[in-house]
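Q: Below is the structure, and that's it, no one-letter string:
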């Protein structure tokens, strides 16, 4: 019997519902804009100016002969801006003013631009993200727009009235309500935001954001005076001046007004291919290389940010820049630059401008260069680490602390072909007077970037030999004592070496200057590594003891160099009491170690305490003996 089975029934599908539109909570949007997208409510003035400028730009595309007019005013808790721009019809007011993400950047015939046309048009407009007028609700309780379209001269003026509860109305007005094309926007401040509608504040923000905008903008404070200009064009770096000195004075005044300091110098930042024009001002005081300077960036004349920290290379921390660009991309909040390949290329090109300025100073104005380096040598050293050409150029100027005094590498290399350096300031301070007295060339590389530059020095001066200072190099330069003298002091040296064997330190006898230094503690990186290995070995368990013990090599040990020219050393060497000699040697070791400012190991601290107490014991014992002798008399 054959059985049959029915296939499982296919799931029934339901027809898709009609499409729905996203609903936007305006209060939630305003909270998002004010607390997460924008850094401050002050940006509402920028949005007003931006919309007005874009409207004028669109009007010019339609009618190049049209009048240009942007008027900003504030009084009684209201802020008003009027423009003679492209205007809107009633349908466009519905479609554009209350829709998130839609832009009014349209073609001259009123049709929406295709993708290619939109990209081209964005080169002409400031606004690119479609947030638009709704961003003004960060300070406004109500926004009233009265607009008339230039595309449709027969269309009636339109009023768009919106409140911060998310509702709006649109109605047509009589023709006489606005006879000419353009738009008037009136903001009424919300409770708690009245400070942003104060006339002085509005004017300040308008000047800050709009001083370089391409169209004339005026401000009226409602007190009956003549409207005051907001724009100040051309930018100071583009203005003609009778002499270079007059230009420098004007730029210095601009910097003082903008940044609050008088610059050491100014550097033109002109990149026509990249659409960048501006100036960098050199700080008059030292600043940390880790400090991220805030630069001012204008996008098509509108201030984008005064805190751009990605505009110049990190090494250019000694300048503050202000520039205008029409190619760099803003972030969504239009408060910083988008860090993309274009910005990276511009950053490199601006860095090249700063390097070129330094090269020009080195070639034609050494006095200005010296004044700059006196303040900002760290910045130039930072640059030179990555630019051998700049390092070669700056060799005659970069200051270094050396055993021959403060001088440039070029001056120092003229006197020393074998150059030694110390990695710490303390080590240099200890060895410098001795090195100077014996013709040893030592550079203090304990400061920022100096060790890196010294390592690169042979790449630009191959005849030079640069090595880290080691105990052997110093000892070889010190004068040996006569052989007979050293043989006569052999018992003393043997006692000293035995006493310091536990410290991993050898003892040698030399004659050196200055005479006032009784003993010199010398070591190098390998000796310090061996000290650290020994210290770790003493506190390690059996497993690590075996491993650390296997790592022991033939690294040189630290040296205590005794100065035979010093009278104290000769008296200690002549002591008949071996115990007292040992205590004195330990004291010399401790004093030399402290002078070198090396970190003390527990064994070193123990030795210092023992030597100090031993000397006290000897001193008090000697006093008691003398007192006893006096009593016997």
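A: The structure has been received and is ready for your questions. Just so you know, these numbers come straight off a predicted model, no measurement behind them.
Q: any low-confidence regions in the protein?
A: Applying pLDDT under 70 to the chain flags the ranges 1-39, 98-132, 332-335, 524-556, 622-633.
Q: give me that answer again for 50
A: By pLDDT under 50, the low-scoring segments of the chain are 1-7, 10-11, 21, 101, 104-130, 547-548, 550-551.
Q: hey, what's residue 158 bridged with?
A: Counting by DSSP bridges, residue 158 forms beta bridges with residue 147, residue 172.
Q: what's the burial count for it?
A: 26 (other Cβ atoms under 10 Å). Yep, even glycine has a C-beta here, placed from its N, CA and C like the rest.
Q: who's in contact with it?
A: 88, 89, 90, 93, 145, 146, 147, 148, 170, 171, 172, 173 (Cβ atoms under 8 Å, 6 or more residues apart in numbering).
Q: In contact with the fifth one: list those residues for me.
A: So that's residue 145. Residue 145 neighbours (Cβ under 8 Å, 6+ apart): 88, 93, 97, 133, 158, 159, 160, 161, 183, 184, 185, 186.
Q: hang on, the last one is in a strand, isn't it?
A: It refers to residue 186. Yes - if the criterion is DSSP: H, G, I helix; E, B strand; the rest coil, then residue 186 is within a strand.
Q: Does the nearest residue to it once chain neighbours are set aside lie in a helix or a strand, and which?
A: In space, and not counting its chain neighbours, residue 186 is closest to residue 144: 4.4 Å by Cβ to Cβ, 6 or more residues apart in numbering. For residue 144, the element it lies in under DSSP states H and E is strand 140-148.
Q: Could you do residue 474 as well?
A: Per DSSP H and E: helix 471-477 holds residue 474.
Q: picking up where we left off before, what's the closest of the contacts of residue 145 to residue 421?
A: Of all those, residue 133 has the smallest distance to residue 421: 63.4 Å, by Cβ to Cβ.
Q: What's the local residue count around that closest one?
A: Neighbour count for residue 133, taken as other Cβ under 10 Å: 23.
Q: and what of residue 41?
A: Residue 41 has 18 neighbours, counted by other Cβ under 10 Å.
Q: same thing with residue 94?
A: For residue 94, using other Cβ under 10 Å, the count is 15.
Q: Next, the contact list for it, please.
A: Counted by Cβ under 8 Å, 6+ apart, residue 94 has contacts residue 170.
Q: and if you look at residue 320?
A: For residue 320, the contacting residues are 255, 259, 280, 281, 283, 293, 294, 295, 296, by Cβ under 8 Å, 6+ apart.
Q: circling back to that earlier point, next, format the contacts of residue 158 as JSON lines and append distance to residue 400.
A: As requested, the contacts of residue 158 are exported to JSON lines (distance: Cβ to Cβ, whole Å):
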{"residue": "88", "distance to residue 400": "67"}
{"residue": "89", "distance to residue 400": "72"}
{"residue": "90", "distance to residue 400": "74"}
{"residue": "93", "distance to residue 400": "69"}
{"residue": "145", "distance to residue 400": "66"}
{"residue": "146", "distance to residue 400": "69"}
{"residue": "147", "distance to residue 400": "67"}
{"residue": "148", "distance to residue 400": "71"}
{"residue": "170", "distance to residue 400": "73"}
{"residue": "171", "distance to residue 400": "77"}
{"residue": "172", "distance to residue 400": "78"}
{"residue": "173", "distance to residue 400": "76"}
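Q: Would you mind listing which of those residues are buried?
A: 88, 89, 90, 93, 145, 146, 147, 148, 170 (16 or more other Cβ atoms under 10 Å).
Q: counting contacts, what elements does the helix holding residue 474 pack onto?
A: For helix 471-477, the elements it packs on are helix 425-437, strand 519-522, strand 558-563, judged by 3 or more Cβ pairs under 8 Å, 6 or more residues apart in numbering; DSSP states H and E.
Q: do that again at 10 Å, thanks
A: Helix 471-477 is packed against strand 418-422, helix 425-437, strand 505-511, strand 519-522, strand 558-563, with contacts defined by 3 or more Cβ pairs under 10 Å, 6 or more residues apart in numbering; DSSP states H and E.
Q: Nearest to residue 54 among these would be which one?
A: helix 425-437 (58.0 Å).
Q: who touches the closest one?
A: 401-405, 420-422, 424, 440-447, 469, 473-474, 477-478, 510, 512-514, 516-517, 520-524, 561, 563, 592, 595-598 (Cβ atoms under 10 Å, 6 or more residues apart in numbering).
Q: immediately after it, which helix or strand?
A: Next helix or strand after helix 425-437 toward the C-terminus (DSSP H and E): strand 442-444.
Q: For that next one, what is the distance to the chain centroid?
A: In terms of Cα atoms, centre = their mean, to the nearest Å, the centre of strand 442-444 is found 28 Å from the chain centre.
Q: before we move on, what about stretch 162-175?
A: Using Cα atoms, centre = their mean, the offset of stretch 162-175 from its chain centre is 48 Å.
Q: So which of the contacts of residue 320 are in strands?
A: Those of those mapping onto strands are 280, 281, 295, 296, per DSSP state E.
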